[in-house]
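Enquirer: For reference, the sequence and a predicted model appear below.
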Amino acid sequence: MATPYRIEMTRAAHRVYKKLDAPIQERVKAEMEKVTAAPNAAPQLSGLPFQIRSHHFSQKGKQWRIAYAVDDAATKVVVARRSRKFL
């Protein structure tokens with residue numbers, strides 16, 4: 001059985017997360033669980049000097065993206081904030 005990945009958030013991503021309404025926070029948690037189950041499944045963003053993957057979902061008609069980097073050696077997913085609609 002594969003070792004489960006754990007989630008870490010950058011400070012900037014955590015600040016954004018704390019400001020979200022409770023229903024969207026719960027949805028983000030659920031989506032992050034999906035990311036940890038298959039961290040390399042989401043497409044990579046192009047044009048960046050580092051590897052960031054992007055998991056998309058919608059909540060009440062709004063499009064959201066969880067941008068993250070995968071550290072396979074440490075079995076962790078690091079959520080990054082790169083813009084207002086990123087988490």
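Expert: Received, thanks.
Enquirer: element containing Met32?
Expert: Element membership of Met32, judged by DSSP states H and E, is helix 22-37.
Enquirer: Only alpha carbons, please: show that helix as PDB.
Expert: The C-alpha trace of helix 22-37 is given here as PDB (Å, rounded to 0.1, in the frame of the first residue of the first chain):
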ATOM      1  CA  ALA A  22     -17.000  28.000   6.300                       C
ATOM      2  CA  PRO A  23     -18.800  26.100   3.400                       C
ATOM      3  CA  ILE A  24     -16.000  26.800   0.900                       C
ATOM      4  CA  GLN A  25     -13.400  25.900   3.600                       C
ATOM      5  CA  GLU A  26     -15.100  22.500   3.900                       C
ATOM      6  CA  ARG A  27     -15.100  22.100   0.200                       C
ATOM      7  CA  VAL A  28     -11.500  23.000  -0.100                       C
ATOM      8  CA  LYS A  29     -10.700  20.300   2.600                       C
ATOM      9  CA  ALA A  30     -12.600  17.700   0.600                       C
ATOM     10  CA  GLU A  31     -10.800  18.700  -2.600                       C
ATOM     11  CA  MET A  32      -7.400  18.500  -0.900                       C
ATOM     12  CA  GLU A  33      -8.200  15.000   0.200                       C
ATOM     13  CA  LYS A  34      -8.700  14.100  -3.400                       C
ATOM     14  CA  VAL A  35      -5.400  15.700  -4.200                       C
ATOM     15  CA  THR A  36      -3.600  13.600  -1.600                       C
ATOM     16  CA  ALA A  37      -5.100  10.500  -3.000                       C
END
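Enquirer: And the average pLDDT for that helix is what?
Expert: Averaged across helix 22-37, the pLDDT comes to 94.
Enquirer: Can you list the neighbours in contact with it?
Expert: Defining contact as C-beta atoms under 8 Å, 6 or more residues apart in numbering, one finds that helix 22-37 is touched by 4-7, 17, 20, 42, 55, 57, 59, 64, 66, 68, 77, 79, 87. For every residue, glycine as well, the C-beta is placed using N, CA and C.
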